[in-house]
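Visitor: Provide a 3D model corresponding to the input given below.
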Amino acid sequence: MQPYTMFQPNDPQNGPQNGPQNGPQNGIVFNSPHSGTYFPEDFLKNISIAPDLLHFSGDILVDHLIKNIPLSGATSFINHFARTYVDTNRAANEIDPGMFHMPDQPCGFSNTDKVACGFGIFSRKAYNGLDIYPGKLPFSEISHRLDHVYHPVHNALSGLLKARLDIHKYYLLVDCHSMPSYQFIDPSLSSQTQADLIIGNCFNSSCSSDLSHHIAHYFSSRGLNVTYNIPYSGGFNTRHYGQCGNRAANMCQAIQLEFKRSLYMDEKSLKPNEGFLPLRDLMTGLGESLNKNKSALFPSEQRL
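Guide: Here you go, the predicted structure:
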């Protein structure tokens, strides 16, 4: 199975692509790394938990929220494999060696906080803390998943961003995610104020403040409660593709959007609620707003 799909507008360099044909193309890419729901058959045969429980770890329906993004000239990039199988928003070495029958030699894995909690590139636990596997996995499973899912996704995504940089002299990666509501996590938290959207810009190191403020104002002026960076400052994609060395020229930028799930779904059934279509329209409008204001937000556009 192809691990991803790109939906592009008209490309003046290469002709029509798959997806809505309403160019012209710009340098903006909306990415949904955690909305995939596909589990390989061999995976399903070797887990000790109900597969449906694993979908609560993903960003269900986020890919549908950005469905119309190509209409504004941006590209959408959608992962198909479930996050618990391979999480492409992790570094390639964020692997828990305790999950596998390891060889004697060291493997250079990184024991980050996410790995320690059971949520490395290969999840050890479900969202509720239950173990996913009854025992250790073969060591060969690491290279299999990296070679068939992780590396193809990042090769394609980095290639897409490089192509946009070559053509437009800038790119913006908008990494789209969702977070559980306080009510879903613990009803006792429901009296506390929770943001509708947390914008992650790695504490102003992955994109310009002008761009962050533009996106924050777009959503806050339409009624959403917007905050920055805490507790979601941006994952691997935001840090990796938001290249600080080019930040002064606004060339290579990345930002993470983390929406509260109850805005658009019933968190128990994982089905759309009455807020789904309005939020989808807001996301479509964000694409239009970024495209309309790209000359102000991306200096290279001023020279085109």
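Visitor: From L277, how far out is H148?
Guide: According to C-beta to C-beta, to the nearest Å, H148 stands 35 Å off from L277. Yep, even glycine has a C-beta here, placed from its N, CA and C like the rest.
Visitor: what about these two, which has more around it?
Guide: Higher neighbour count among H148 and L277: H148, with 15 against 12, using other C-beta atoms under 10 Å.
Visitor: from memory the more buried one sits against P3, does it?
Guide: Yes. Taking C-beta atoms under 8 Å as the definition, H148 is a contact partner of P3 at 7.1 Å.
Visitor: Which residue comes closest to S57 once chain neighbours are left out?
Guide: Leaving aside its chain neighbours, S57 sits nearest to Y127 (4.6 Å; criterion: C-beta to C-beta, 6 or more residues apart in numbering).
Visitor: and the one you found, which of the three is it?
Guide: coil (DSSP: H, G, I helix; E, B strand; the rest coil).
Visitor: Now do the contacts for it.
Guide: By C-beta atoms under 8 Å, 6 or more residues apart in numbering, the residues touching Y127 are 53, 56-57, 180.
Visitor: and the residues you listed, which are buried?
Guide: Among those, those classed as buried by 16 or more other C-beta atoms under 10 Å are 56-57, 180.
Visitor: Of these, just say which sits nearest to P9.
Guide: Closest approach to P9 among these (C-beta to C-beta): S57, at 31.5 Å.
Visitor: what about the closest one, distance to L71?
Guide: Computed as C-beta to C-beta, the S57 to L71 distance reads 30 Å.
Visitor: swap in Y150?
Guide: Distance of Y150 to L71, computed by C-beta to C-beta: 30 Å.
Visitor: Quick check on the two: which one has the bigger neighbour count.
Guide: The neighbour comparison of Y150 against L71 (other C-beta under 10 Å) goes to Y150, with 20 against 17.
Visitor: Give me the neighbour count for the closest residue to the more buried one other than its chain neighbours.
Guide: Counting by C-beta to C-beta, 6+ apart, Y150 lies nearest to V86, which is 5.3 Å off, once chain neighbours are set aside. Using other C-beta under 10 Å, V86 has 22 neighbouring residues.
Visitor: Equivalent analysis for S158, please.
Guide: S158 has 12 nearby residues by other C-beta under 10 Å.
Visitor: Would you mind listing the residues in contact with it?
Guide: Residues in contact with S158, defined by C-beta under 8 Å, 6+ apart, are Y241.
Visitor: Could you give the average pLDDT over the strand or helix carrying it?
Guide: Here S158, judged by DSSP states H and E, is contained in helix 151-168. Averaging pLDDT along helix 151-168 gives 96.
Visitor: Could I get the full set of strands for the stretch 151-300 of the chain?
Guide: With DSSP state E, counting those that start in this stretch as the criterion, the stretch 151-300 of the chain has strands at 171-179, 197-200, 226-228, 252-260, 265-266, 271-272.
Visitor: who touches stretch 108-117?
Guide: Here stretch 108-117 has contacts from 90-91, 93-97, 120, 125, using C-beta under 8 Å, 6+ apart.
Visitor: Report the buried residues of that stretch.
Guide: Neighbour counts over stretch 108-117 (16+ other C-beta under 10 Å) mark 109, 112, 114-115 as buried.
Visitor: Tell me who's in contact with the residue nearest to T193 when sequence neighbours are not counted.
Guide: In this structure, T193 finds its nearest non-sequential neighbour in N225, 7.4 Å apart by C-beta to C-beta, 6+ apart. If you count contacts by C-beta under 8 Å, 6+ apart, N225 has them with 193-197.
Visitor: Of these - the most surrounded one?
Guide: Neighbour counts for the contacts of N225 peak at L197, which has 21 neighbours (criterion: other C-beta under 10 Å).
Visitor: Point out where the stretch 51-200 of the chain drops to low pLDDT.
Guide: Along the stretch 51-200 of the chain, segments meeting pLDDT under 70 span 105-106, 191.
Visitor: can you do 90?
Guide: Applying pLDDT under 90 to the stretch 51-200 of the chain flags the ranges 102-108, 111, 185-193.
Visitor: Helices along that one, start to end?
Guide: Shown for the stretch 51-200 of the chain, the helices assigned by DSSP state H, counting those that start in this stretch span residues 51-54, 62-65, 113-116, 140-145, 151-168, 182-185.
Visitor: Please apply the same query to the stretch 201-304 of the chain.
Guide: Under DSSP H, counting those that start in this stretch, the stretch 201-304 of the chain gives helices at 209-220, 236-241, 276-292, 294-297.
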